[in-house]
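Trainee: Pasted the sequence and its predicted model underneath.
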There are 4 protein chains.
Amino acid sequence: MTPEELVATANRLLYMEGLADTAGHASVRSPTDDNVVYINPFSVSRGEIRPKDVVKITLDNEPVDPDAPDPVAEAEIHTAVYRNRPEINAVLHTHPPIATLFSISGTDLVAAFTRGAIFDRPVPVYNRPDLLTTREEGELMMEAMGERDELLIKAHGAVVAGEDLKRAFTRTMYLEINAYHQLYASILGNANTLTPEEAERITETTWRQRSIDKVWNHYVWEASQNGYLPDEW
Amino acid sequence: MTPEELVATANRLLYMEGLADTAGHASVRSPTDDNVVYINPFSVSRGEIRPKDVVKITLDNEPVDPDAPDPVAEAEIHTAVYRNRPEINAVLHTHPPIATLFSISGTDLVAAFTRGAIFDRPVPVYNRPDLLTTREEGELMMEAMGERDELLIKAHGAVVAGEDLKRAFTRTMYLEINAYHQLYASILGNANTLTPEEAERITETTWRQRSIDKVWNHYVWEASQNGYLPDEW
Amino acid sequence: MTPEELVATANRLLYMEGLADTAGHASVRSPTDDNVVYINPFSVSRGEIRPKDVVKITLDNEPVDPDAPDPVAEAEIHTAVYRNRPEINAVLHTHPPIATLFSISGTDLVAAFTRGAIFDRPVPVYNRPDLLTTREEGELMMEAMGERDELLIKAHGAVVAGEDLKRAFTRTMYLEINAYHQLYASILGNANTLTPEEAERITETTWRQRSIDKVWNHYVWEASQNGYLPDEW
Amino acid sequence: MTPEELVATANRLLYMEGLADTAGHASVRSPTDDNVVYINPFSVSRGEIRPKDVVKITLDNEPVDPDAPDPVAEAEIHTAVYRNRPEINAVLHTHPPIATLFSISGTDLVAAFTRGAIFDRPVPVYNRPDLLTTREEGELMMEAMGERDELLIKAHGAVVAGEDLKRAFTRTMYLEINAYHQLYASILGNANTLTPEEAERITETTWRQRSIDKVWNHYVWEASQNGYLPDEW
C-alpha cells in the first residue's frame, strides 16, 4: 500500500471498530523522507476518507503543500512522536471508549488478558486533557510517553506508536481489548493482572510477525466484507 | 435545508443513534416568524419521518393549520423553551439511555471527557418525571433550565437547546458521550470530572463552528451511508 | 391480522429485539373460540416463523389437530394464563436479558423510568426456575402471577399478558426498558424508583390506545425496514 | 456435513457470535480414524474459512499432509483433549468475552440461568494463561479439565468439548449466556446460582437431542440469513 492508502485504511478500520468517528486520526512517516508525515485532513469523516484526501506535513507541523486542506487540529500529537522517536513510522490517535476510562478514574491499565500481555507495565498517562495543538504541548506529552509505544491522555484518548502501521493498529486493538477485560472483570470483584513473568512469556509467543499480519489481515478482510473499505480506491 | 428537512433529518439521526425511537422529537423555530415552530407529528416513527410530515404550531402550542395531524404530546417542552429563550432556534427532546440514568440516581452529570467539556457545571434536573403537556408544566421546566442549554427531566429524558439545529444536535451527542464516560469510569472506581479551568480551556478549542460542522456532517454522512436518510426526500 | 399472522409477527419482533431466539414464544386466544390458542411450534426459529407454522392447542394443552407439529415445550405457560384470566387474549414468554437479572439477584423490578410507570408495584417472581411443562406447574405459576399482567420466572424469563397482542408486546418492551434503567442507574449509586403517585399519573397519560398503537407500529415498521418481516407472508 | 464443513461452519458461527475473530478455533475427530483431527489452519480468518482450508493433524499434533498449511498455533489444546477423552469428537477453543472474565477475577462460573443449568458445578480453571503449544502443557491442561466438558484458561479463554459438534457448540453458547447472567446480576447485588437440585432437574428437561438440534439449527439459519454462511461452499 502507498502511505496515503495506509492512512485511509487505518482510519476506516478504526471507524469500523468504534475507535474513531468525528475524531481520531492516523499517520505514517514517509518511507522516502524522514521529515515528512502523511496524515488526515481536518474535515473528512474517518469512515469516508480516501487516499487522495490525505495531506502531508513536516515534523515541524508545517504543510508540505501550502494549498492543501488543513491537517487535523492535533497533528502535533503525531509530529511530536516522530521528532522524538526515530524508530517510529506510524502513529494512531484514537478515543477508545474503554481504555480512555482508565485515564478518567486514575486506574492502572495493565496486562490482564493474553492479547494485552504486551502492556506488561501500566500504560503511562499524560495528565493534561486539552487538545494538543502546540509544539510545547507535544514535547510535554513525549515526556509522559518516553520510550513507551502507548500513552493515555487524561479524559481524552490514546496515542499508540509502531515501527509500522500494522504494529500500531494491532497494539491499538489490544489496548482496547485488554481494557475491556480489566473493566468488566472488575464488576465481578478483582481484575487480577498478569504477572510480569506471564506477560513477558506470552508476549514472546504472540507478538510475532505472522500474528500481527493475521490481525491486520483479519480486520482488512472484515472491513472489505462489510463495506468499510471500497473494492478499489 | 428547509425547516421541515431539518426536523426530519434531526429525527432520523437521533433514531440512528438510539436517542429516539417511539419517542423523542425535534423542532426548529421558523426563520421567518419567531412565533412559529416546526415539529414532529404524534404518530410517525422517528426513523421514517419525512419533511411533509412535519407540522407547525405557535408558541402557545396551537396548530397553525387546524386540519394538520396532531403534534407530539409534549410539544410544550419545545414551545416553553422558545417562549423564554429568544436566542434559541432549535430544541431536541430525547430519551438518551445513559444521560437519563443520572436523573434516576441523582448523580451530577458534568464534564468528565473532552467532548463533554461544554458541561462545565452539573446539568440541571427538573424533578417532575411526568409527560409535559401543559403550559404550567412548561414554565416549571424552564425554571429548572434557566439560561442553560441542557436539562434532564427526572427518570424521563433530556431537553437540549441550540442557537441552531447543528448546535442542539452536537450538544445532545456530547451529553450522551460524556454520560457514557462518567458511568463506565465509575465502575473502575472514581469518575473524576474535569476542573472548571480544564473544561473552559477545552470548550474554547472544541466548541467552534468548524468542529460543530464536522460533527453534523459526519452523522449526516453516516446516516446517508446506512439508509437512515434517503437519497432525496 | 389473522391470529396466525399475529403470532408470527410477535415472534419476529421479539427476535429483532433480542428477547427471543432459540427460545421464547407468543400466543393469542382465538377470537372465535375462547378455548383455542394459536402458538409457536417447537422447532421453528423465532426469526423465521411464518403464519402457516403456527399451531392450535386447547386450554388443556391438547393439540387441536393431532397431526400438527408439536407446540413449544412450555405451552402450559400460555394455557395456564388463559384458563385463569378470561380477559387475557395474548401471552408472551420471553427471556429478556435484563429483566431476568432481577429474578436472579432477588431485586425488585419496579417503575424507575417513565416508560416503566405501568409497573407501579414490584413485578412478582415465581420462584421455580424449571421449564413449565405440567398443568400443576402452570397453576403454581398463576398463584404467583395473580391478577398482574407481568411475571418473572426465577433465573429463567418473563411472562407478559395483555387484553390484546399490542398490549402484551408493548408491556414486554417496557418491562425490559425499565429493567435497563434500573440496572444501569444502580452502577451510579442508587436506582431511585418512581413514587406510586408518579407512576399512576404517568400511566394515565402514557398507557393509552394511541400510544400503544404508536409503539406497535414503530416496531412493525422497523422490522419491515430491516428484513425481519417479509413484504408479504 | 463433512468434517471439513463442520469445522468451517463452527468457525463462522463463533465469529458471528463474537466468540472468535483473529483467534479461536474448532476441530472434529475424524469419523473414520480416531487418530486424525480436522482443524483450522493458522492464517485464515474465522469468518472466511472454507472447507478446503481445513487441515488434518494426528493426535501427536503432526500434520497428516506435510505440505498442507500450518494448523493453528494452539492445536495442542485439541489433541490433548482427544488423546485423553476417547468419547469426545469435537473441541472448540474460544475467547468468550464474558466467560473469560471469571478466570481473570477468580470468580466461580456456575449455573445461574436455565440455559446454564448444565454447569451445575463451577467450571474448572487452568491457571497458566500462556499459549498452549507443547504436549506437556496440553497434559497439564487436561489435569485441570479432568472429566469435565468445559474449562477456562486463566485470562485467556475457554475450551469446550462434546460428543459431537452440535453439543460442543451449544455448550459454548450456554457457557457465555450463563456468564452474561452471572456478571450482570452481580451489578444488582447478588448473582444467586441455581441449587444443584434445580440445575439437575433443568438439565434433564433441556439437554436433549431435539433441544440441541433446535439451537444448532437456529444459529445455522441466522448465519445463512446474514451472510455468515455462503449459500454453498
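Mentor: Happy to help now that I have it.
Trainee: Going by proximity to chain C, name the top residue of chain A.
Mentor: A:Ile187 (8.7 Å; C-beta to the nearest C-beta). Bear in mind the C-beta positions are built from the backbone N, C-alpha and C, glycine included.
Trainee: so who does that residue touch?
Mentor: Neighbouring residues of A:Ile187 by C-beta atoms under 8 Å, 6 or more residues apart in numbering or on different chains: B:Ile187, D:Leu101, D:Leu183, D:Ser186, D:Ile187.
Trainee: do the same with A:Gly24
Mentor: With contacts defined as C-beta under 8 Å, 6+ apart, the neighbours of A:Gly24 are A:Asn11, A:Leu14, A:Tyr15, A:Arg46, A:Leu92, A:His93, A:Thr94, A:His95, A:Gly157.
Trainee: rewinding a little: could you measure from the residue of chain A closest to chain C over to B:Ser186?
Mentor: Counting by C-beta to C-beta, to the nearest Å, the gap from A:Ile187 to B:Ser186 is 11 Å.
Trainee: What of A:Arg85?
Mentor: Taken as C-beta to C-beta, the span from A:Arg85 to B:Ser186 is 35 Å.
Trainee: before we move on, back to that, closest to chain A out of the contacts of A:Ile187?
Mentor: Among those, D:Leu101 lies closest to chain A (C-beta to the nearest C-beta), at 4.5 Å.
Trainee: hang on, the closest one packs against A:Ser186?
Mentor: No: taking contacts as C-beta atoms under 8 Å, D:Leu101 lies outside contact range of A:Ser186: 9.1 Å.
Trainee: Between those two, point out the one with more neighbours.
Mentor: Neighbour totals were compared for D:Leu101 and A:Ser186, and D:Leu101 leads with 28 against 19 (other C-beta atoms under 10 Å in any protein chain shown).
Trainee: did I read that right, A:Arg171 in a helix?
Mentor: Yes: applying DSSP: H, G, I helix; E, B strand; the rest coil, one finds A:Arg171 inside a helix.
Trainee: Give me every residue in chain A lying close to chain B.
Mentor: Residues of chain A lying near chain B by C-beta under 8 Å from any C-beta of the partner chain: A:21-23, A:42-43, A:45, A:47-48, A:73, A:95, A:97-98, A:100-102, A:104-107, A:129-131, A:133, A:155-157, A:183, A:186-187.
Trainee: among the residues you listed, which are in strands?
Mentor: A:Gly157 (DSSP state E).
Trainee: Just the ones in helices from the residues of chain A next to chain B, please.
Mentor: Judged by DSSP state H, these include A:Thr100, A:Leu101, A:Phe102, A:Ile104, A:Ser105, A:Leu183, A:Ser186, A:Ile187 as members of helices.
Trainee: Generate TSV for those residues, with pLDDT as supplementary columns.
Mentor: TSV is the format used below for those (pLDDT from 0 to 100):
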residue	pLDDT
A:Thr100	98
A:Leu101	98
A:Phe102	98
A:Ile104	98
A:Ser105	97
A:Leu183	98
A:Ser186	96
A:Ile187	95
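Trainee: Let me have these in a markdown table, adding distance to D:Arg210 as columns.
Mentor: Formatted as a markdown table, these follow (distance: C-beta to C-beta, whole Å):
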| residue | distance to D:Arg210 |
| --- | --- |
| A:Thr100 | 47 |
| A:Leu101 | 45 |
| A:Phe102 | 47 |
| A:Ile104 | 50 |
| A:Ser105 | 48 |
| A:Leu183 | 39 |
| A:Ser186 | 40 |
| A:Ile187 | 36 |
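Trainee: of all those residues, which comes closest to chain D?
Mentor: For those, the minimum distance to chain D (C-beta to the nearest C-beta) is 6.1 Å, reached by A:Ile187.
Trainee: In three-state terms, label the residue sitting nearest the centre point of chain A for me.
Mentor: Residue closest to the mean C-alpha point of chain A, counted by C-alpha atoms, centre = their mean, is A:Leu92 at 2.8 Å. Secondary structure assignment for A:Leu92 (three-state DSSP): strand.
Trainee: Just list the residues touching it, thanks.
Mentor: By C-beta under 8 Å, 6+ apart, the contact set of A:Leu92 is A:Ala10, A:Leu14, A:Gly24, A:His25, A:Ala26, A:Ser27, A:Ala158, A:Val159, A:Val160, A:Ala168, A:Phe169, A:Thr172.
Trainee: now do 10 Å
Mentor: Contacts for A:Leu92 (C-beta atoms under 10 Å, 6 or more residues apart in numbering or on different chains) come out as A:10-11, A:13-14, A:19-20, A:24-28, A:77-78, A:150, A:157-162, A:165, A:168-169, A:171-172, A:175.
Trainee: likewise A:Asp70?
Mentor: Taking C-beta under 10 Å, 6+ apart, we find A:Asp70 in contact with A:Pro41, A:Phe42, A:Ser43, A:Val55, A:Ile57, A:Pro63, B:Arg210.
Trainee: how long is stretch A:109-119 from one end to the other?
Mentor: End-to-end distance for stretch A:109-119: 8 Å, by C-alpha to C-alpha, to the nearest Å.
Trainee: Whether that stretch contacts chain D - can you check?
Mentor: Yes: Stretch A:109-119 is in contact with chain D by C-beta under 10 Å from any C-beta of the partner chain, via A:Ala111, A:Ala112, A:Phe113, A:Thr114, A:Arg115, A:Gly116, A:Ala117.
Trainee: The residues you listed into JSON lines, with extra columns for secondary structure and neighbour count?
Mentor: Converted to JSON lines, the residues of stretch A:109-119 next to chain D look like this (DSSP: H, G, I helix; E, B strand; the rest coil; neighbours: other C-beta atoms under 10 Å in any protein chain shown):
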{"residue": "A:Ala111", "secondary structure": "coil", "neighbour count": "29"}
{"residue": "A:Ala112", "secondary structure": "coil", "neighbour count": "27"}
{"residue": "A:Phe113", "secondary structure": "coil", "neighbour count": "30"}
{"residue": "A:Thr114", "secondary structure": "helix", "neighbour count": "28"}
{"residue": "A:Arg115", "secondary structure": "helix", "neighbour count": "24"}
{"residue": "A:Gly116", "secondary structure": "helix", "neighbour count": "28"}
{"residue": "A:Ala117", "secondary structure": "coil", "neighbour count": "27"}
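Trainee: Between the residues you listed, which sits nearest A:Glu4?
Mentor: Using C-beta to C-beta, A:Arg115 is the member of those that sits closest to A:Glu4, with 29.5 Å.
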